[in-house]
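Trainee: Generate a structure from the sequence data that follows.
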Amino acid sequence: MAVVRRGLGPTCDALEALSKPIIIAETAAAESGGSKAKWIGDIVPTLKSRFPDVKALVWFDVEKERDWRARSSGNAEAAFRALAGDAYLAPSSER
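Mentor: Below you'll find the model as predicted:
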């Protein structure tokens, strides 16, 4: 969760002061430099505990300079499927 908090912290802190819902318009992770699957798995718990105003996110699903796709490995794909299926990110008027 620390990596997700570090990456989102300053921007989300500034936006939360506006008291508006936040969308992360583009995010992704590469396989190099750590566990992509763990990073993906940390997204929802971090949003719940630290960034509750984030209501949606868009995954940059492209193989470009690096393989940013959610399906770059079996573990990353499984983590992304769990993320996409998490009720916390489901459309709801109650959130």
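Trainee: did I read that right, residue 25 in a strand?
Mentor: Yes - counting by DSSP: H, G, I helix; E, B strand; the rest coil, residue 25 is part of a strand.
Trainee: That one: neighbour count?
Mentor: By the criterion of other CB atoms under 10 Å, residue 25 has 9 neighbours. Any C-beta I mention is one placed from the backbone N, CA and C, and that applies to glycine too.
Trainee: Quick one: mean pLDDT over stretch 8-16.
Mentor: If you average the pLDDT over stretch 8-16, you get 79.
Trainee: Adjust the sequence numbering to begin at 721 for everything that follows.
Mentor: Yes, from this point I'll number from 721; that puts the last item at stretch 728-736.
Trainee: to the chain's geometric centre, what's the distance from that stretch?
Mentor: Its chain's C-alpha centre and that of stretch 728-736 lie 14 Å apart, by CA atoms, centre = their mean, to the nearest Å.
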